[in-house]
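Participant: Next come a sequence and a model predicted from it.
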Amino acid sequence: MPPKLRFHFMEVEGVETFKKENCDLIIVDTSGRHKQEAALFEEMRQVSEATNPDLVIFVMDSSIGQAAFDQAQAFKQSVSVGAVIVTKMDGHAKGGGALSAVAATKSPVIFIGTGEHMDEFEVFDVKPFVSRLLGMGDWSGFMDKIHEVVPMDQQPELLQKLSEGNFTLRIMYEQFQNILKMGPIGQVFSMLPGFSSELMPKGREKESQAKIKRYMTMMDSMTNEELDSSNPKLMNDSRIMRIARGSGRQVREVMEMLEEYKRLAKIWSKMKGLKIPKKGEMSALSRNMNAQHMSKVLPQGMLKQIGGVGGLQNLMKQMGSTKDMMGMFGGGE
Ligand SMILES: Nc1nc2c(ncn2[C@@H]2O[C@H](COP(=O)(O)OP(=O)(O)OP(=O)(O)O)[C@@H](O)[C@H]2O)c(=O)[nH]1
């Protein structure tokens, strides 16, 4: 063994021992390191040289955000990173940093961590990941639920309205109604674009259900004009006071409900022009989700860092995307 590798005798000895014992999988875990720590990177390079691994995995915490690019690049320069694992996807981070890590290492994401336990370690699946990143929710799951729960004769109308980008209070009301029908509420919520984290944080389903019912009571005191309008200026003070009085709620609560509506309307307006697919026709969604949609929803700084829409297309390929997903970024391969 060359002298400089003696430091890593433990790793080398460990790997040799386990190989002799015919272990299928041997994992050498280095301690956490940061790109500023040159000596630790050198140590990691030496461990890699000494143990000659089949695969080097860069494990990143999704909360580091855009710092992921520099961090991943520093890893790639020291050792031949071949895959990425993104942890803490259960937190607030959407995982945009993972795209940067993939760009920097030119390696696919293979697993994601969604919690602290063994069963919260999942094989990476590109569709839900990208949907979450874009704030779109899990479209395919959502579509399945829509087909399951929304009465057949109402489906085309609802989907048509959504694709027109006119997200009115009435649509919100109808969606709330459907959501309450769908249950278990947590699972369904997490599939709807914009509905998941803010409106219904994990573990507080009961509270959220009560909030939705409260919102619906307030909307019951609205006129048809108010429910069907997409003009934000319509809701003046006197209308808000009338709704509060009519529903026995505080003005503050009506305003909170209207804020929630505005937030959802903003998210759903990104779907304007999108042809919502029929059941089992995700490719229709993919075809219609073009580069223009993408550039609207991704943070601009991030888009730039990964080389614009073209770079994004390449990344999705590297992330192991299916042909369907490639279609999302402007027409497939
Ligand atoms: N919520 C959540 N917690 C996680 C996840 N992955 C790891 N953790 C927790 O984060 C903490 C740190 O995890 P470690 O696996 O020790 O992190 P590490 O990077 O190997 O740490 P070093 O010892 O510095 O190398 C532990 O409490 C884990 O349970 C995840 O996906 N979600």
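Facilitator: All right, it came through fine. Numbers count the residues shown, from 1 in each chain.
Participant: Confirm Glu122 sits in a strand?
Facilitator: Yes - checked against DSSP: H, G, I helix; E, B strand; the rest coil, Glu122 lies within a strand.
Participant: residue contacts, it?
Facilitator: Glu122 is in contact with Phe111, Ile112, Gly113, Thr114, counting by C-beta atoms under 8 Å, 6 or more residues apart in numbering. (Glycine included, C-beta is placed from N, CA and C.)
Participant: Show me what the second one is bridged to.
Facilitator: This points to Ile112. Val86, Glu122 (DSSP bridges).
Participant: Is it possible to get CSV of the contacts of Glu122 that adds pLDDT and distance to the ligand?
Facilitator: What follows is the contacts of Glu122, written out as CSV (pLDDT from 0 to 100; distance: C-beta to the nearest ligand atom, whole Å):
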residue, pLDDT, distance to the ligand
Phe111, 89, 10
Ile112, 89, 7
Gly113, 89, 3
Thr114, 84, 6
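Participant: now the strands: where do they sit in the protein?
Facilitator: 56-61, 81-87, 109-113, 121-123 (DSSP state E).
Participant: out of those strands, nearest to Met257?
Facilitator: strand 109-113 (34.0 Å; C-beta to C-beta).
Participant: Can you tell me which helices and strands that closest one packs against?
Facilitator: strand 81-87, helix 96-105, strand 121-123 (3 or more C-beta pairs under 8 Å, 6 or more residues apart in numbering; DSSP states H and E).
Participant: orientation of the first one relative to strand 56-61 in degrees?
Facilitator: So that's strand 81-87. Here strand 81-87 runs at an angle of 20 degrees relative to strand 56-61 (axes from the mean of the first three to the mean of the last three C-alpha atoms, to 10 degrees).
Participant: could I have strand 81-87 exported to PDB, CA atoms only?
Facilitator: What follows is strand 81-87, C-alpha atoms only, in PDB (Å, rounded to 0.1, in the frame of the first residue of the first chain):
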ATOM      1  CA  VAL A  81     -19.200  10.900  -8.500                       C
ATOM      2  CA  GLY A  82     -21.600   8.600 -10.400                       C
ATOM      3  CA  ALA A  83     -24.900   9.200  -8.700                       C
ATOM      4  CA  VAL A  84     -26.800  11.600  -6.400                       C
ATOM      5  CA  ILE A  85     -29.000  11.000  -3.400                       C
ATOM      6  CA  VAL A  86     -31.200  13.900  -2.200                       C
ATOM      7  CA  THR A  87     -32.300  13.800   1.400                       C
END
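Participant: which helices and strands sit right next to it?
Facilitator: strand 56-61, helix 68-78, helix 96-105, strand 109-113.
Participant: Just the mean pLDDT for the third one, thanks.
Facilitator: Right, helix 96-105. Averaged across helix 96-105, the pLDDT comes to 83.
Participant: elements contacting that helix?
Facilitator: Partner elements for helix 96-105 (3+ C-beta pairs under 8 Å, 6+ apart): strand 56-61, helix 68-78, strand 81-87, strand 109-113, helix 126-133, helix 300-305, helix 308-318.
Participant: thinking again about what came up before, would you format the helices and strands packed on strand 81-87 as a markdown table with distance to Val12 and mean neighbour count included?
Facilitator: Formatted as a markdown table, the helices and strands packed on strand 81-87 follow (distance: least, C-beta to C-beta, whole Å; neighbours: other C-beta atoms under 10 Å):
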| stretch | distance to Val12 | mean neighbour count |
| --- | --- | --- |
| strand 56-61 | 16 | 20 |
| helix 68-78 | 18 | 20 |
| helix 96-105 | 25 | 25 |
| strand 109-113 | 25 | 20 |
